[in-house]
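Asker: No letters, just coordinates:
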């Protein structure tokens, strides 16, 4: 299997946030590997405030993990 995540270390908080989003997206793809099914379901959650808040929560958790790994972007 390809090593798609060699490190959590990023240069900036912005890069860390982008990595957090990527982690969330990869998790969805691994949970539902069928692209057509993900596409079919998208309209259902795209208009669901609770689903969008849950997705934001996953990204926030990922970002907290990445921030800790980066020692909150050492000065």
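Answerer: Received it, and whenever you're ready, just let me know what you need. The shown structure was predicted, so the numbers you read here are calculated from the model rather than taken from an experiment.
Asker: residues in contact with the longest helix seen in the chain?
Answerer: With secondary structure taken from DSSP state H, the chain has its longest helix at helix 49-69. Among residues not part of helix 49-69, those counted as contacts by C-beta atoms under 8 Å, 6 or more residues apart in numbering are 8-10, 13, 16-17, 19-21, 23-24, 27, 44-46, 73. C-beta: built from backbone N, CA, C; applies to glycine.
Asker: Is there a quick ChimeraX command that grabs whichever of those residues are buried?
Answerer: When burial is assessed using 16 or more other C-beta atoms under 10 Å, the buried subset of the contacts of helix 49-69 is captured in ChimeraX by this command:
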select :8,10,16,17,19,20,23,24
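Asker: buried residues in the longest helix of the chain?
Answerer: In helix 49-69, counting by 16+ other C-beta under 10 Å, buried: 55, 58-59, 62-63, 66-67.
Asker: what's near enough to touch the spatially most central residue of the chain?
Answerer: Averaging the C-alpha coordinates of the chain gives a centre point, and the residue nearest to it by C-alpha atoms, centre = their mean is residue 24 (2.4 Å). When contacts are counted by C-beta under 8 Å, 6+ apart, residue 24 is found next to 55, 58-59, 62.
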